[in-house]
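# Sequence and predicted structure are below.
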Amino acid sequence: MTAGAAHLLVIDTATTHARIALGGTDGSLQAERSWVAGYRHGEELLARLERLLVDEGVALDALGGIVVGTGPGAFTGLRVGLATAKALAYARVIPIVGIATGEALLVAAGGGALVLLQPAGPSDRVLTRAGEPPRIIAGGEEPELALGESVIAVDLDGRAPVEAVAAGGAAVEGLASALLQAGAARLAAGDPDDLAALVPEYVTLPRGVRAAAAEAGVVIEGARRAAGVSR
C-alpha cells in the first residue's frame, strides 16, 4: 500500500450495474456510485471515476490502492473495467488487487450455504460457490444444490426464482463494501496482484471481440492521460 495514502478506489463492471467507490485503507466505505452501463463502459467509466474523485475532494496521489472486481461477468464490461484499473495502477504506481466479484456477492449476501447464479449469454447461467471456480449451467438445466443451500441470482430477472432475484439485488447493493473490505485486507497484508497476471473471469464473449479490444485500448490511453492530471 502506498505510504501516506488514505483512500482506496473500487471498480466493478461485472454486472449490469457498473459500480465505483472510495473507501479508507481500513475497509470503511466513504462514497459509492452505480449506474446501468449497457455497452457504454468505455465511454462512461473514466468520466465517472473523475467525477467521484472531484466530488469527494480526493486526489489521485491520495490513493493507496485500487480494488477491482474480476467477475465472472460479460466480456466488454470486465475488459474495460480491468483495463482502466490496471492503467491507473501502472501510471500512478499504485498497488492493485483483483477480487472475484462472485465471491464478494456471496459475502454481501451474508455468506453461509449460498450459491450465486449469473447470466452467461441468452440461455446459459454461471454458478459460483465460495472457494470454487465458477462453472457454466447449460440452458434448461437447474443447479444441483447441496442440502441446506439456497440461491441468490444477479441479472436474472425472469430466469430465476423471484426470491433468489430479490436476494441477489440486495447483495449487489453491498458489493462495493464487500470488495473494499476484501481488497483492504489483502493490501494491508502486503498481497497486491501482479499487473501482468491480473485477468478477468469471462463467461460470455461479445458480438465482436476485436471491437471490444480496441475499446479497451482507448480506455487505457484515457486512463493514462487522466492519471497525469493533478487535482
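Yes, it's here.
# How is the chain partitioned into domains?
7-101+175-227, 106-172 (automatic domain parsing).
# three-state assignment of the residue of the chain positioned farthest from its centre?
In the chain, residue 147 marks the outermost C-alpha relative to the chain mean, sitting 29.8 Å out by C-alpha atoms, centre = their mean. With DSSP: H, G, I helix; E, B strand; the rest coil as the basis, residue 147 sits in coil.
# In terms of pLDDT, where does it sit?
Note on residue 147: pLDDT of 93.
# for this structure, which spans come out with low pLDDT?
Where the chain drops to pLDDT under 70, the residues are 1-5, 39, 204-231.
# Show me the helices in it, by range?
Here the chain has its helices, by DSSP state H, at 41-56, 75-92, 101-108, 162-173, 175-188, 209-227.
# which residue packs closest to residue 174, ignoring adjacent ones?
Computed as C-beta to C-beta, 6 or more residues apart in numbering, the closest residue to residue 174 that is not its neighbour in sequence is residue 108, at 3.4 Å. Backbone N, C-alpha and C define where each C-beta goes, glycine included.
# quick one: contacts for the one you found?
170-175, 177-178 (C-beta atoms under 8 Å, 6 or more residues apart in numbering).
# Quick check on the residues you listed: which are buried?
171-172, 174-175, 177-178 (16 or more other C-beta atoms under 10 Å).
# Adding distance to residue 142, write those residues out as TSV.
What follows is the buried ones among the contacts of residue 108, written out as TSV (distance: C-beta to C-beta, whole Å):
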residue	distance to residue 142
171	20
172	22
174	26
175	25
177	31
178	27
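# and which of the residues you listed is nearest residue 27?
Among the buried ones among the contacts of residue 108, residue 177 lies closest to residue 27 (C-beta to C-beta), at 8.1 Å.
# I'd assumed residue 29 was in contact with the closest one.
Yes: counting by C-beta atoms under 8 Å, residue 177 does reach residue 29; the two are 4.9 Å apart.
# shared neighbours of the two, which are they?
21, 23.
# and residue 142, how many residues sit next to it?
9 (other C-beta atoms under 10 Å).
# Equivalent analysis for residue 99, please.
Residue 99 has 23 nearby residues by other C-beta under 10 Å.
# check contacts around the closest residue to residue 117 other than its chain neighbours.
Nearest non-adjacent residue to residue 117, counting by C-beta to C-beta, 6+ apart: residue 153, 4.5 Å away. Listed by C-beta under 8 Å, 6+ apart, the contact set of residue 153 reads 116-118, 159-161, 164-165, 167-168.
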